[in-house]
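J.: got a predicted structure plus its sequence, pasted below:
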Amino acid sequence: MAEMTEIQETRDEQSEFDFTGGRLCLDFTNTVHDRASAPREMLCSYGDLLLWGQQAGELSDNDALILRDQAAQRPFDAANALQQAIAEREIIYRIFLAIAEENLPTAADLDLFNAVLAQTMIHARIVPGAARFAWHWDASSARSFERVLWPVVRSAADLLTSPDLEHVRVCAAEDCGWLFLDESKNHTRRWCDMKTCGNRAKARRHYKQKKQTP
């Protein structure tokens with residue numbers, strides 16, 4: 001697949017993000033519409049990144065408000081955090097796309113991901129839970145502009161080391177390119193979302209068959 005070059009910044013600010021990928025890291029890679037044809041960026045501002053974190057359930061409304069206030073005071077740092085998030089998203093996308101296409105990720109991408117993972121896990125902590133210990137993020141780093149990405153990176157590491165990895169798929173729609181985890185009973189799911197890509201594919205087939213009918 002050709003590497004994404006130009007992205008149109010045309011996301012509707014009121015639209016909601018899609019979370020049909022089955023894993024947080026895959027959902028994050030799906031923040032580009034029509035990757036395989038005419039890529040359109042959904043993360044056009046740091047505010048969009050925070051909104052994605054809120055909708056993903058990884059960022060509380062209060063924390064998002066604090067980070068928005070900080071971004072208004074330090075726009076350059078917030079913009080850098082957004083560009084870093086997009087760069088990390090593309091690394092994760094390339095790795096899982098290769099796996100979905102039954103190829104090995106490049107050594108360069110794995111090196112890049114491992115560097116990101118090392119920086120991320122600096123902020124990880126083990127804390128007591130109700131019945132057992134649990135992962136948590138360092139409270140002293142709660143106001144870091146990059147914190148939205150930490151759960152994404154950990155999700156990617158967890159999936160890469162999980163038996164579920166063999167069920168990572170790329171949407172069969174030619175113009176889509178989204179990734180998802182096939183958790184269907186027989187592992188025969190083809191579309192990122194049957195309501196969108198699946199229905200469009202059916203409509204195209206129906207139109208083509210009707211056109212070919214004498």
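T.: Yep, that arrived.

J.: CA atoms for contacts and neighbours, from now on please.
T.: Noted.

J.: need the contact list for residue 147.
T.: Listed by C-alpha atoms under 8 Å, 6 or more residues apart in numbering, the contact set of residue 147 reads residue 141.

J.: that one and residue 174, how far apart?
T.: In this view, residue 147 and residue 174 are 34 Å apart by C-alpha to C-alpha, to the nearest Å.

J.: in the protein, which spans are strands?
T.: 32-33, 40-41, 124-128, 133-137, 168-170, 179-181 (DSSP state E).

J.: what's the fifth one in contact with?
T.: In this structure, residues lying in contact with strand 168-170 by C-alpha under 8 Å, 6+ apart are 96-97, 99-101, 177-182, 190-192.

J.: try it again at 7 Å.
T.: Applying C-alpha atoms under 7 Å, 6 or more residues apart in numbering, the contact partners of strand 168-170 are 97, 100, 177, 178, 179, 180, 181, 182.

J.: ok, for the fifth one, nearest residue in space, not its chain neighbours?
T.: With C-alpha to C-alpha, 6 or more residues apart in numbering as the criterion, residue 179 has its nearest non-adjacent residue at 4.5 Å, and that residue is residue 170.

J.: return the set of buried residues in the longest helix anywhere in the chain.
T.: In the chain, with assignment by DSSP state H, the single longest helix is helix 75-100. Residues of helix 75-100 classed as buried by neighbour count (16 or more other C-alpha atoms under 10 Å): 77-79, 81-83, 85-86, 88-100.

J.: look up the pLDDT of the residue most central in space within the chain for me, please.
T.: Note on the chain: the residue nearest the mean C-alpha position is residue 28, at 1.3 Å, using C-alpha atoms, centre = their mean. For residue 28, the model assigns a pLDDT of 98.

J.: gap between it and residue 86?
T.: Residue 28 is 10 Å from residue 86, where distance means C-alpha to C-alpha.

J.: likewise for residue 127?
T.: When residue 127 is compared with residue 86 (using C-alpha to C-alpha), they lie 30 Å apart.

J.: same question, residue 146
T.: Applying C-alpha to C-alpha, the value for residue 146 to residue 86 is 11 Å.

J.: quick one: the helices in the chain?
T.: 24-29, 46-55, 61-73, 75-100, 107-121, 150-160, 199-212.

J.: helices or strands next to the first one in the packing?
T.: Of the remaining helices and strands, those touching helix 24-29 by 3 or more C-alpha pairs under 7 Å, 6 or more residues apart in numbering; DSSP states H and E are helix 75-100, helix 150-160.

J.: in CSV, list these along with mean pLDDT and distance to residue 24.
T.: Converted to CSV, the helices and strands packed on helix 24-29 look like this (pLDDT from 0 to 100; distance: least, C-alpha to C-alpha, whole Å):
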stretch, mean pLDDT, distance to residue 24
helix 75-100, 98, 11
helix 150-160, 97, 6
